[in-house]
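Participant: here's a sequence, model it:
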Amino acid sequence: MTKNFFKYIIITLISYIIFTINIKTTAQQDILEIRKNYLEDKITNINEIENLEFQTEEENIIKNLTLFEFYIDKKSIEQALQYAKYLNSFFPINQLVNYRLAEYYYNLKNYEEAVKYSEECVKNDSRFHEARNLLANTYYILKDYQKALKHYKVLSWFKSDKEITTKLEYLSSQLGYNITTNGQKTINFSKIYTSTLTTNSPYIKVGISTKDNGKLIKIDAVKFYFSDDFEIYDDKNKKVIFCKGGIDNEWTILYRTQQKFFGIILNNEKNKELKIKSQYITIKPLSENSTFIIKEYKWFKSSFAVNKEFRGEIIVKHLKDQIVVINNIKIDEYLYSVVAKEIGKDKPQEALKAQAVVARTVALYRKNNNFHKYFDVCCGQHCQVYDAIKSETEQTINAVNKTIGEIVTHNDKIIHAFFHANCGGITSSAEKFFSNKEYLQPTYDIIKEESHTETQNYEIKNFYYWYLTPPKLLCKDSSFVHPGVSRWLRVIKKDELKKFLNSKLATVGKLKDIIIVSREDNGYIKKIKVVGSYKTITLNKEHKIRNIVASSLKSSSFIIEYNKNNDCYYFWGAGWGHGIGMCQSGACGLAEQQKSYKEIIQHYFKNTEIKKLY
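Facilitator: Okay, here's the model as predicted:
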């Protein structure tokens, strides 16, 4: 009898667990089905939805979002605001709530309220371009031209269309200055930090006349100043000329293509031009503490203002019909700037040190493997962002100096390291770029529910909840991570998206659908289809997927909703960047938990060692 009793208890318990799981699963499917019906404008009885009760917070969030949007569509603002209040603390859903409220008040011509809600969107995510555009337009109508100009200028960096250009020109005339010119800047040299710690640092050649994608800017002349005296050498390392430095001596080096020689000119005195036949010339300062300022590049009569101050030497190479300007600099002094530009100067010291080691590894790997033809690394995102002296800080200098010579290795070889701003919770393997690497496998930045410090492996069971109601993450729940970095939203009118795709992608005709064909386990999209009335286009490259909209998406990790009620596409996304290697936001989260820079590096690069190279 005892046996049968225990058997009965076990069967009953199992049945209850299965029943509970089924209820929960059904509830999740129900709320997502309700959400789908709303998006397709198929809601018939809103009262039924209001009376539904769900077991989990994530289900109730989606319920409240759906009810908010239903009422804002109907212009029932009092009911909409009730649900907006509940949703206010849930990011990124509150971004959609604030954006739709801003639109609502803008259309009512209640511009003060429109400013309040659109400002909140932009404060949370500076790349929420649609919200910024609405904010700029609102300030424009309010005749607050200074603020309107500020936001239109930001928009022009990403999307300089005719409307924005016209408004920029009008605002500049109203405010009495020309925003399209850089103006003459006063030349001031910095007092730089030098250290004996960098004595053995190898030199690295940085292409500084390059675009962000690593390609060369077309130039034939460069204007510059040196803080101290310097000498110019030819390609045989023979000294050609001694030159005076200082703010009163502006030097120009140009290449005469037809005559095939370099010209060196002081203070635009062309009648005193010194001619040198050489493949390249090197400009070497006589003082260790000397710096130089690149004032501008020229291409025939066109000028490109630079106004950046650098350490080290200048190398100018001539190609067939142009020149390349290179900064020859100690790698650790190069890193003083790179660390600040790549992760930010205000991050925890251990995260800065991790960035220094990884950035040094990236630079030396690229140098050793000849990634570029004329120099070791470029100065843009293609390699690592290098902005010279103005980006250096005491914190980044300390981070580099405390890790002098350290690199990441695997099997005693320097690794092909990657890093990105934010992984969204789970990093990618390197398969999307090249053959698999053992040390570049998915890493989980999901924090265990019962712990504040430990991370756990995680399977994304429902991508909708992953993007809209994410779990606790190292790369999200940190005081050093801005809200719009780990999760983000873009809201784009269907007609605007159709115009962009037809002009930039292919003539697809009327936009019928966007279908996500396949994705990685962590959500990053592998393949996506754009279905048009004329043509269907398939995209399977990360940068092309991210450029499916104007002012590209932060990552290829997203889901798409089309809302028939307002004729808009919602792109709900996670992370920023390609997702491979070290997540910089996650590094900050780990540092906040008192992890050392070595622990941070080995969290993201499995089975590696940190070795001192010099």
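Participant: domain map for this structure?
Facilitator: The chain breaks down by automatic domain parsing into domains covering 14-175, 196-404, 416-614.
Participant: show me what contacts the residue lying closest to Lys320 once chain neighbours are set aside?
Facilitator: Among residues not flanking Lys320 along the chain, Thr257 sits closest, at 7.8 Å (Cβ to Cβ, 6 or more residues apart in numbering). All C-beta spots, glycine's among them, are computed from the backbone N, C-alpha and C. Residues in contact with Thr257, defined by Cβ atoms under 8 Å, 6 or more residues apart in numbering, are Asp220, Lys320, Asp321.
Participant: shouldn't the second one be within a strand?
Facilitator: No. Going by DSSP: H, G, I helix; E, B strand; the rest coil, the assignment for Lys320 is coil, not a strand.
Participant: roughly how far does it sit from Val222?
Facilitator: Noted for Lys320: a distance of 18 Å to Val222, by Cβ to Cβ, to the nearest Å.
Participant: and the two? which has more neighbours close in?
Facilitator: More neighbours surround Val222 than the other of Lys320 and Val222, with 24 against 5 (other Cβ atoms under 10 Å).
Participant: isn't there a helix covering the more buried one?
Facilitator: No. Under three-state DSSP, Val222 sits outside any helix and is assigned strand.
Participant: does it touch Asn327 like I think?
Facilitator: No. Contact between Val222 and Asn327 fails when scored by Cβ atoms under 8 Å: they sit 11.6 Å apart.
Participant: residue contacts, Lys535?
Facilitator: By Cβ under 8 Å, 6+ apart, the neighbours of Lys535 are Ala506, Thr507, Val508, Gly509.
Participant: the helix or strand of the chain with the lowest mean pLDDT: what's the following helix or strand?
Facilitator: Lowest mean confidence among the helices and strands of the chain (mean pLDDT, DSSP states H and E): helix 2-39, at a mean of 62. Counting by DSSP states H and E, the next helix or strand C-terminal to helix 2-39 is helix 46-51.
Participant: for that next one, buried residues please.
Facilitator: For helix 46-51, a neighbour-count test (16 or more other Cβ atoms under 10 Å) marks Ile46, Ile49 as buried.
Participant: mind checking how far the residue lying closest to Ile49 once chain neighbours are set aside is from Thr403?
Facilitator: Once flanking residues are discounted, Ile49 sits nearest to Ile34: 5.9 Å by Cβ to Cβ, 6+ apart. As judged by Cβ to Cβ, Ile34 and Thr403 stand 53 Å apart.
Participant: those two - which one has more neighbours?
Facilitator: Of the pair Ile34 and Thr403, Thr403 is the one with more neighbours under other Cβ under 10 Å, namely 25 against 20.
Participant: any idea whether the more buried one is helix, strand or coil?
Facilitator: Following three-state DSSP, we place Thr403 in the coil state.
Participant: kindly report the same for Glu459.
Facilitator: Following three-state DSSP, Glu459 is assigned to coil.
Participant: and the contacts of Thr257 as JSON lines, adding pLDDT?
Facilitator: Formatted as JSON lines, the contacts of Thr257 follow (pLDDT from 0 to 100):
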{"residue": "Asp220", "pLDDT": "96"}
{"residue": "Lys320", "pLDDT": "91"}
{"residue": "Asp321", "pLDDT": "92"}
